[in-house]
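Peer 1: Sharing a model that was predicted from the sequence below.
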Amino acid sequence: MSILQSIILGLIQGLTEFLPVSSSAHLIIVPWLFGWKEHLLIFDIILHLATFCAIIIYFRKEWLDILREGFLIIRERTLRDSNQSRLFWGIIISSIPGVIFGSLIGNRVEHYLRNPITIAVTLGIFGLVLYISELYGRKDKSLAEVTWQFSLLIGFSQILAFIPGASRSGVTISTALALGMNRESSVRFSFLMSAPIVFTAACYGIGGLGEINKFLSWQALLTGFIVSFLSSIGAIYFLFKYIRKQPFTVFVIYRLAISLFIISALFQRG
């Protein structure tokens, strides 16, 4: 892998992991379009680790409050009625379905569905799901109203994100909107709940580090990590600023356009 390829893939990962357009779809389609060799899974893991670091650093104040609340809950052995307490339990509950599914068959699902036609279909379908959720969701609930039932439903919806092209942020934001949460709270909860899943996935595949010296240079790996981290911070900042005034329609249009583009490219290639 060249440094240029690592820069492009790192930029794609950082921007599309948080925007509801599917990072996995772009990481598969871009190399396919340019005829690049398929990159190693460990490279994907390092890029995801960079986005995890971005989540932790961008939301550092929220994480400190949530972890402090969790420590008090454990120390006092009691349920505390506070926003941070609801978020603490909400993140744990919403992570459980994805962690279990991912550790059992998540990689196999992603492997067998890792092809352009699946990506084209899922980009279109889940783009329409996002549009319908945006259109009909009441958008009158905030993070202060997170319940365990709400968290569990979003957690189960996150399982769909193992299908390439679905988009973890897209699926979870759509579910939160459909359940009545406002845009900013939907995005914030989606990002916070993604941290345990992304970190678990990175740890699960860290055994592949042995492939680096043989197949991948440390320079390419480090470049991809830095670019992914910086673009992730930029994407999070942009999305929060954007949704305060605008709906998700532009991302729906983008997903549909990319879906049609992939189908067109498949027909041209025969």
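Peer 2: That came in fine, so what should we check first? Keep in mind that this is a model prediction, so the values were computed, not measured.
Peer 1: Any stretches of the chain with poor pLDDT?
Peer 2: Residues of the chain meeting the criterion pLDDT under 70: 40-41, 106-107, 204-216, 270.
Peer 1: Spatially central residue for this protein, please.
Peer 2: residue 168 (4.0 Å; Cα atoms, centre = their mean).
Peer 1: and that one, what does it touch?
Peer 2: Shown in contact with residue 168 (Cβ atoms under 8 Å, 6 or more residues apart in numbering): 17, 23, 158, 161, 190, 194, 197. The way it works is simple: take the backbone N, C-alpha and C, and place the C-beta from them, glycine included.
Peer 1: Give me the subset of those that lies in helices.
Peer 2: Those of the contacts of residue 168 mapping onto helices are 17, 23, 190, 194, 197, per DSSP state H.
Peer 1: and these as CSV, adding neighbour count and distance to residue 32?
Peer 2: Output for these, formatted as CSV (neighbours: other Cβ atoms under 10 Å; distance: Cβ to Cβ, whole Å):
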residue, neighbour count, distance to residue 32
17, 31, 19
23, 26, 15
190, 26, 27
194, 25, 25
197, 25, 25
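Peer 1: ok, those vs residue 115, which is closest?
Peer 2: Closest approach to residue 115 among the ones in helices among the contacts of residue 168 (Cβ to Cβ): residue 23, at 16.5 Å.
Peer 1: Who are the contact partners of that closest one?
Peer 2: Residue 23 sits in contact with 12-13, 16-17, 167-168, where contact means Cβ under 8 Å, 6+ apart.
Peer 1: do residue 133 as well
Peer 2: 173-175, 177-178.
Peer 1: and if you look at residue 16?
Peer 2: 22-23, 25-26, 167, 235.
Peer 1: among those, which two are most distant?
Peer 2: Taking Cβ to Cβ, no two of those sit farther apart than 25 and 235, at 15.4 Å.
Peer 1: the more surrounded of the two?
Peer 2: residue 25 (26 against 22; other Cβ atoms under 10 Å).
Peer 1: Show residues contacting stretch 190-209.
Peer 2: Outside of stretch 190-209, the residues within contact range by Cβ under 8 Å, 6+ apart are 18, 40-42, 44-46, 48-49, 51-52, 55-56, 59, 62-63, 66, 87, 90-92, 94-95, 98-99, 102-103, 106, 151, 154-155, 158, 168-169, 172-173, 176, 236.
Peer 1: where do the helices sit along the stretch 101-250 of the chain?
Peer 2: 107-112, 116-136, 148-157, 168-178, 183-204, 212-215, 218-243, 249-268 (DSSP state H, counting those that start in this stretch).
Peer 1: Tell me which of those is the most buried.
Peer 2: Greatest average neighbour count among the helices of the stretch 101-250 of the chain goes to helix 168-178 (a mean of 27), per mean count of other Cβ atoms under 10 Å.
Peer 1: Residue 185 and residue 176 touch, don't they?
Peer 2: Yes: counting by Cβ atoms under 8 Å, residue 185 touches residue 176, with 7.2 Å between them.
Peer 1: and of the contacts of residue 133, the nearest to residue 3?
Peer 2: residue 173 (33.3 Å).
Peer 1: now, among the contacts of residue 168, which is nearest to residue 245?
Peer 2: Of the contacts of residue 168, the one sitting nearest to residue 245 (Cβ to Cβ) turns out to be residue 190, at 18.9 Å.
Peer 1: nearest spatial neighbour of that closest one, skipping sequence neighbours?
Peer 2: residue 172 (4.1 Å; Cβ to Cβ, 6 or more residues apart in numbering).
Peer 1: same question, residue 265
Peer 2: Using Cβ to Cβ, 6+ apart, the closest residue to residue 265 is residue 33 (6.9 Å).
Peer 1: same thing with residue 53?
Peer 2: Among residues not flanking residue 53 along the chain, residue 229 sits closest, at 5.7 Å (Cβ to Cβ, 6+ apart).
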